[in-house]
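K.L.:
just coords:
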Ligand code: SF4
Ligand code: SF4
């Protein structure tokens, strides 16, 4: 499958040399592995602050491609969809999936070996079983009371 995220022409291993806050927009976007896990609904324990990902996907997620079907104008449909940026990562990193490249780099960790920036193909995230491909349920069909039954164990 062709890579929907432009990753050509970037400096080799730029993410090891450049702080997140100094990255260009293209470098920043290229860090996304395309797993789709940030588009899953989450449950957060108000007391402990613990966050659990569920298999219940945002209405705009296509789980065959793990992409948002209306990415450019998604806020018309999902006003509270977060736009992750270098200057708000401190606020959001805690709820991001454990394998998310933004969270990993924010925590000072390396990118995993299946990351498309290292493998050269977007398929590697699916082949590694890390993405949500063909593995979600619809938020339309799943009442909130049942979300707990769909909690997934990370990092899978
Ligand atoms: S969880 Fe992170 S790496 Fe995965 S799709 Fe979302 S932003 Fe990209
Ligand atoms: S609106 Fe799009 S980008 Fe935002 S959570 Fe839903 S599917 Fe993901």
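P.N.:
That came through, no problem. Computed from a prediction, not measured in an experiment: that's the story for all the values here. Residues are numbered from 1 along each chain as shown. Ligands and ions are numbered 1, 2, ... in the order given.
K.L.:
can I take it that residue 43 is in a helix?
P.N.:
No. Secondary structure of residue 43 (DSSP: H, G, I helix; E, B strand; the rest coil): strand, not part of a helix.
K.L.:
now do the closest residue in space to residue 23 that isn't next to it in sequence: how many residues are near it, please.
P.N.:
For residue 23, ignoring the flanking residues on the chain, the nearest one in space by CB to CB, 6 or more residues apart in numbering is residue 86 at 6.8 Å. Every residue, glycine included, has its C-beta placed from N, CA and C. Residue 86 has 14 neighbours, counted by other CB atoms under 10 Å.
K.L.:
helix/strand/coil for the most centrally placed residue in the chain?
P.N.:
Nearest to the mean C-alpha position of the chain, counting by CA atoms, centre = their mean, stands residue 38 at 4.0 Å. Under three-state DSSP, residue 38 falls in the helix class.
K.L.:
so who does it touch?
P.N.:
For residue 38, the contact set (CB atoms under 8 Å, 6 or more residues apart in numbering) comprises 82, 84, 96-97, 100.
K.L.:
how far off centre is stretch 107-117?
P.N.:
Relative to its chain's centre, stretch 107-117 lies at 13 Å (CA atoms, centre = their mean, to the nearest Å).
K.L.:
ok, now stretch 102-110?
P.N.:
With CA atoms, centre = their mean, you get 13 Å for stretch 102-110.
K.L.:
which strand in this structure has the most residues?
P.N.:
Identified as the longest strand of the chain according to DSSP state E is strand 51-57.
K.L.:
and that strand, what's buried?
P.N.:
Across strand 51-57, burial judged by 16 or more other CB atoms under 10 Å covers 52-57.
K.L.:
quick revisit: relative to ligand 1, how far out is the residue nearest to the centre of the chain?
P.N.:
Counting by CB to the nearest ligand atom, to the nearest Å, the gap from residue 38 to ligand 1 is 3 Å.
K.L.:
go on, residue 125?
P.N.:
Distance from residue 125 to ligand 1, by CB to the nearest ligand atom: 8 Å.
K.L.:
how about the helices in the protein?
P.N.:
Along the chain, the stretches classed as helices by DSSP state H are 14-17, 25-30, 89-92, 101-106, 116-119, 123-127.
K.L.:
so which of these is nearest residue 151?
P.N.:
helix 101-106 (18.6 Å; CB to CB).
K.L.:
and the closest one, is it in reach of ligand 2?
P.N.:
No. Counting by CB under 6 Å from any ligand atom, no contacts exist between helix 101-106 and ligand 2, the nearest distance being 13.7 Å.
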